[in-house]
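Enquirer: Need the 3D shape of this:
(chains A and B)
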Amino acid sequence: MTLDFLGTLERSHKCGDLRSSHSGNTVTLMGWVNRRRDHGDLIFLDVRDRTGITQVVFDKSVSPEAHAKAEAARPEFVVAVTGAVRDRGEGLRNPKMLTGDIEVVGSELLLLNDAKTPPFPIADDAPITNEEIRLKYRYLDLRRPELQKNFALRHKVTRAIRDFLSDNSFLEIETPLLTRSTPEGARDYLVPSRVHPGHFYALPQSPQIFKQILMISGFDRYFQIARCFRDEDLRADRQPDFTQIDLETTFPQQSTIFRIVEGFLRAAFKAGGIDLPEVSFLQMTYDEAIAKYGIDKPDMRLPAMVDLSAELTAELRGTLKIDATLPVYGFTIPRVGALSGTQRRALVDEIRKGFGDCGLDFLDVARLRTNEAFMPLAEAIAAKLTAEQIVFCGENFTTDDLAVVITPKPGTPVAWNQDKQWIAKRVGGLRLELAKKYADKHKLFEQTGTAKDFRFLWVTDFPMYEWNEEHKAWDAAHHPFTSPHEEDIKSGALWNDKGSVRALAYDIVLNGTELGSGSIRIHRQDVQAEIFRTLGMSNEEAHERFGFFLDALEYGTPPHGGIALGLDRIVMILAGASSLREVIAFPKTAKAIDLMVDAPTPVSEAQMRELNLRIAHRS
RNA sequence: GGGGACGUAGCUCAGUUGGUUAGAGCGCUGCCCUGUCACGGCAGAGGUCGCGGGUUCGAGCCCCGUCGUCCCCGCCA
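Expert: This is a model prediction of the structure:
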């Protein structure tokens, strides 16, 4: 087949443009052949570009040359077509197409390029389950309308955020990608220096220190759509390189940050076609989140766990053999519907099994009734129901809900707050597991366009430190530049009672997904030094690792704070996708491999020599 | 590092208790067709059953190992 040259031809419209108002116009469209329907002397070509699809009809009796070329055209051929727009007339319209009222009567067809038969169809909207082949042929996958839509959405959302922040006097400033290893929690991606043998740059896990320096430099408000890199194992919502909306401002209250984030999220969601109500997001402290949901990123679409201690009289505790000191958790999974006796027993077994290996043997109580009346826990116990038969009646409890009551095995020592939190986390984990298991039934997680249920939540007052049992040392719960509460500094707790110190750190959570995390930072050198000390970093070590930053703190550092949000996750949620790979153009597999370019790869001996590197082959 | 699911035609999948020549739909190729739009009709091509080993008279199916993709735990301030 001979291909045609483009010559000086330009397109007059895009494939999604034409309406019946264009009837009579002569137009030139360019794009890909989406489908061909060959009726012999009459051939239909659907021509596709990013904007849509237009039907072009070739009639042998009208334009025999163009018709002959249309016969040769195949899906994904690149064509330029010139012809008159014609209203299709009654009975021939296609209401499923935006351009379905018209067609182009092809008088000239240029075959600009041919195409091999693609490994999977581009025109179908049928899902392709083989991700390996999608990623290998990513350029074809991206050509599919579904992904085209996702990236148009991503652009709109990014733009809305950029506009909002710009309008609120944030300056977009870039920070280096080749930088030094910083103290954040994740593993660094390292880049060897050719000029300095044995020295390495690190790719930033976030622009954290740079943005604080920018505050010290007096830029007042900074933001960046920043690429970040973390060498940790992947998940559906985690890629090794990802994008954050990173921002920082001077002289903020925590509420200042909240207002800004709520503002741009509202703008971002609006760009995604969703109007969020003009009310502030809910707020909850970390301790409350753990106590009520057993997790630091509660999914507010599900009801909280309930502390049933109050329902248990001493007598009832005796009957159930529950120590007076033990917490009793009740929770419901809404609208699970009927479970058979067999299903219920299997569930009880499963819960038992799930808790069997964690050092705590939980008294499990799970029962669902759809047609029977419920009785309160106390009555149930009085009626001498066995543990498995007891029904928990919580608030807003309907007959379709699944109720679960859990308490640790009698005699379990619950010594201090962290024990209680540990138990709450276990129970909260079960709660989430069950919610996922019955997700189809209870419909709470259904994601249907604008009808989605978006429950934003600020989680505040994270602990400043977490005790690391393995290393017998304190770790920074957020990062070491996070400011403690002023009261906890004034009270002396910062020095005397490290476990109780609260951080001015906050997470923004949406439907159980952590969208972002931030804090008010330390602006005083003395406080910063104390934090480093507590984290087990000597003065020398602190100065070696970020002397430049400690120095900067001494030249008039204003109070400042900020946050970073995962752009990929935001777009993923707005796109209704279940994986980041649907909203990242060139994503990596679960083993961090790019199947299209085939990265990473070994490099040549010469490159290695130049970098003064040698591979140590471990046996 | 650990647990789980999957791997059969280009794609989506079926394949019985281990039994002759491994199937379907879509796609692809050729021919026919002037109103289709998931066009239709006829004919056809297309397979290292991921890979390696084992058991067996006989393996897509059973066993061992290995590779790949996905999901989860650990990890990710």
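
Enquirer: what helices or strands is the longest helix along chain A leaning on?
Expert: Longest helix of chain A, by residue count under DSSP state H: helix A:145-167. For helix A:145-167, the packing partners by 3 or more CB pairs under 8 Å, 6 or more residues apart in numbering; DSSP states H and E come out as strand A:171-172, strand A:221-229, helix A:254-271, helix A:567-575. Where you see a C-beta, it was placed from the backbone N, CA and C, and this is true even at glycine.

Enquirer: how about it: buried residues?
Expert: Under the neighbour-count criterion of 16 or more other CB atoms under 10 Å, helix A:145-167 has A:145, A:147, A:150-151, A:153-154, A:156-158, A:160-162, A:164-165 buried.

Enquirer: Quick check: of these, which lies closest to RNA strand B?
Expert: Nearest to RNA strand B, judged by CB to the nearest atom of the strand, of the buried residues of helix A:145-167 is A:P145 at 12.7 Å.

Enquirer: ok, that closest one touching A:P121?
Expert: No. In terms of CB atoms under 8 Å, A:P145 does not count as a neighbour of A:P121; the distance is 11.6 Å.

Enquirer: Is it possible to get the buried residues of helix A:145-167 out as TSV so that each row also shows pLDDT and distance to A:L135?
Expert: Below are the buried residues of helix A:145-167 laid out as TSV (pLDDT from 0 to 100; distance: CB to CB, whole Å):
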residue	pLDDT	distance to A:L135
A:P145	93	18
A:L147	95	12
A:N150	96	15
A:F151	97	16
A:L153	97	20
A:R154	98	18
A:K156	98	25
A:V157	98	23
A:T158	98	23
A:A160	98	29
A:I161	98	28
A:R162	98	29
A:F164	98	33
A:L165	98	33
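
Enquirer: Output the below-cut-off pLDDT ranges for the stretch 351-500 of chain A.
Expert: Scanning the stretch 351-500 of chain A for pLDDT under 70 picks out the ranges A:351-401, A:403, A:408-418, A:446-451.

Enquirer: Chain A too?
Expert: A:183-184, A:310-313, A:315-316, A:319-322, A:337-346, A:348-401, A:403, A:408-418, A:446-451, A:617-619.

Enquirer: ok, 50 please
Expert: Counting by pLDDT under 50, chain A has low-confidence residues at A:357-361, A:364-398, A:619.

Enquirer: before we move on, the earlier item: is the longest helix of chain A anywhere near RNA strand B?
Expert: No. Taking CB under 7 Å from any atom of the strand as the criterion, helix A:145-167 and RNA strand B are apart, separated by no less than 12.7 Å.

Enquirer: what do you get for stretch A:470-487?
Expert: Yes. Using CB under 7 Å from any atom of the strand, stretch A:470-487 reaches RNA strand B at A:475-479.

Enquirer: can you tell which of the helices and strands packed on helix A:145-167 is closest to A:I295?
Expert: Shortest separation from A:I295 across the helices and strands packed on helix A:145-167 is recorded for helix A:567-575, at 16.9 Å, computed as CB to CB.

Enquirer: Other residues contacting the closest one?
Expert: Contacts to helix A:567-575, defined as CB atoms under 8 Å, 6 or more residues apart in numbering, come from residues A:149-150, A:153-154, A:157-158, A:161, A:225, A:237, A:239, A:242-245, A:265, A:268-269, A:272, A:274, A:510-511, A:513, A:515, A:578-580, A:582-584.

Enquirer: And those residues, which of them are buried?
Expert: A:150, A:153-154, A:157-158, A:161, A:237, A:239, A:242-245, A:265, A:268-269, A:272, A:274, A:510-511, A:515, A:580, A:582-584.

Enquirer: hey, what's A:G330 bridged with?
Expert: With DSSP bridges as the criterion, A:G330 is bridged to A:V306, A:V405.

Enquirer: For A:K425, see how far away it is.
Expert: Distance of A:G330 to A:K425, computed by CB to CB, to the nearest Å: 16 Å.
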